[in-house]
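Colleague: please find the sequence and the predicted model below.
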Amino acid sequence: MLREQCDHAIIKKGINGKGLSFPDRVYGDYHNFTLTNCKFTDFEEYVENLNKHLEYAIPNFQEADLVKLRFVISLNEDRIVSIRNSELTIEK
């Protein structure tokens, strides 16, 4: 699903699991992805639309306690987005 929405992106799956993650205050499902070379002009609009597509395309997406997406913009720049129970937060 991420590959379809992130044109020309390199997607790497990070640590995923079920259980406790105290630093992130997660007690259930958590998923981490790094996306490199995504094409967008407005980052905020892009991630809002991505969140909507994920909610629509993935059954029970709203029940995932935490999904973290790290967007690598360049060697010296990245942006991090958290989606917690379908609520989007731009961390960086």
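Modeller: Arrived safely, thanks for sending. Here the structure is a predicted model, which is why all the values come from computation and not from measurement. Residues are numbered from 1 along each chain as shown.
Colleague: by mean pLDDT, flag the weakest helix or strand of this structure.
Modeller: The helix or strand of the chain with the lowest confidence, counting by mean pLDDT, DSSP states H and E, is strand 17-18 at a mean of 58.
Colleague: right, and the helix or strand after that strand?
Modeller: Using DSSP states H and E, the helix or strand that follows strand 17-18 towards the C-terminus is strand 29-36.
Colleague: so what strands line up beside that next one?
Modeller: The pairing partners recorded for strand 29-36 under DSSP bridges are strand 10-13 (antiparallel), strand 17-18 (antiparallel), strand 66-74 (parallel).
Colleague: please work out which of those is packed deepest.
Modeller: strand 66-74 (a mean of 18; mean count of other C-beta atoms under 10 Å). Placement of C-beta: from N, CA and C, glycine included.
Colleague: just the C-alphas of that strand, formatted as CSV.
Modeller: What follows is strand 66-74, C-alpha atoms only, in CSV (Å, rounded to 0.1, in the frame of the first residue of the first chain):
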residue,chain,number,x,y,z
LEU,A,66,1.4,3.4,16.4
VAL,A,67,2.6,3.7,12.8
LYS,A,68,5.8,5.8,12.4
LEU,A,69,6.9,7.0,9.0
ARG,A,70,10.3,8.5,8.5
PHE,A,71,10.6,10.4,5.2
VAL,A,72,14.2,10.9,4.1
ILE,A,73,14.2,14.2,2.1
SER,A,74,17.9,14.5,1.6
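Colleague: how about residues contacting it?
Modeller: 14, 21, 24, 26, 29-38, 43, 47, 50, 54, 78-84 (C-beta atoms under 8 Å, 6 or more residues apart in numbering).
Colleague: off-centre distance for it?
Modeller: From the chain centre to the centre of strand 66-74 is a distance of 6 Å (C-alpha atoms, centre = their mean, to the nearest Å).
Colleague: gap between the two ends of stretch 32-50?
Modeller: From its first residue to its last, stretch 32-50 covers 15 Å (C-alpha to C-alpha, to the nearest Å).
Colleague: with stretch 72-89 instead?
Modeller: From the first residue to the last, stretch 72-89 extends over 17 Å; the measure is C-alpha to C-alpha.
Colleague: that concludes my questions; thank you for your assistance.
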